[in-house]
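Undergrad: Structure for the following, please:
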Amino acid sequence: MKVYGYKKCDTCRKAMKWLDAKVVEYTFIDITQQPPAAATLKLALRQGYTLSDLFNKSGGQYRELGMKDKLATMSEADAVVLLTSNGYLCKRPIVVNANSVTVGFKPEVFESTWS
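TA: The predicted structure is shown next:
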């Protein structure tokens with residue numbers, strides 16, 4: 001299992017604390033240095049997440065790049081390319097294994113997916 005996150009992110013710390021408490025083994029990957037692969041993002045989309053769900057809407061880069069206006073007309077392919085090239089734009093944490101992915105941290109989603 002991989003956890004794409006940012007060490008200074010409170011939400012990421014909460015997610016890792018939850019995983020640690022459940023004794024779930026994972027590899028932490030700094031999302032700003034190594035954004036998730038396109039296959040991971042496409043898996044999230046297949047599992048019901050929307051393009052909008054994959055973006056860190058409260059992030060500075062999201063605002064600086066005017067993504068709120070651009071996202072509405074952006075193709076899925078273009079959005080995936082953008083997210084795989086700029087981890088600051090990705091909502092975090094992104095937790096993934098061979099079969100499942102979660103975006104963000106909600107204890108009830110983690111419970112049903114990672115327990």
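Undergrad: Enumerate every residue touching Gly87.
TA: Gly87 sits next to 4, 6, 30-36 when contact means Cβ atoms under 8 Å, 6 or more residues apart in numbering. C-beta here means a position set from N, CA and C on the backbone, and glycine is covered the same way.
Undergrad: Recalculate using a threshold of 6 Å.
TA: By Cβ atoms under 6 Å, 6 or more residues apart in numbering, the contact set of Gly87 is 31-32, 35.
Undergrad: what do you get for Val103?
TA: Contacts of Val103 (Cβ under 6 Å, 6+ apart): 44, 49, 53, 91, 94.
Undergrad: repeat that for 10 Å
TA: Applying Cβ atoms under 10 Å, 6 or more residues apart in numbering, we find Val103 in contact with 4, 36, 40-41, 44, 47, 49-50, 53-55, 90-96, 109.
Undergrad: go on, Lys91?
TA: In this structure, Lys91 makes contact with 4, 11, 31, 44, 49, 52-59, 62, 83, 103-105, judged by Cβ under 10 Å, 6+ apart.
Undergrad: Count the neighbours of the residue nearest to it when sequence neighbours are not counted for me.
TA: Counting by Cβ to Cβ, 6 or more residues apart in numbering, the nearest residue to Lys91 once its immediate chain neighbours are dropped is Asn56, at 4.8 Å. As a burial measure, Asn56 scores 20 neighbours (other Cβ atoms under 10 Å).
Undergrad: do Cys90 as well
TA: Considering only other Cβ under 10 Å, Cys90 is surrounded by 27 other residues.
Undergrad: so how far is Leu45 from it?
TA: For Cys90, the distance to Leu45 equals 13 Å [Cβ to Cβ, to the nearest Å].
Undergrad: that older thread, surely the residue nearest to Lys91 and Pro35 touch.
TA: No - Asn56 is beyond contact range of Pro35, at 11.3 Å (criterion: Cβ atoms under 10 Å).
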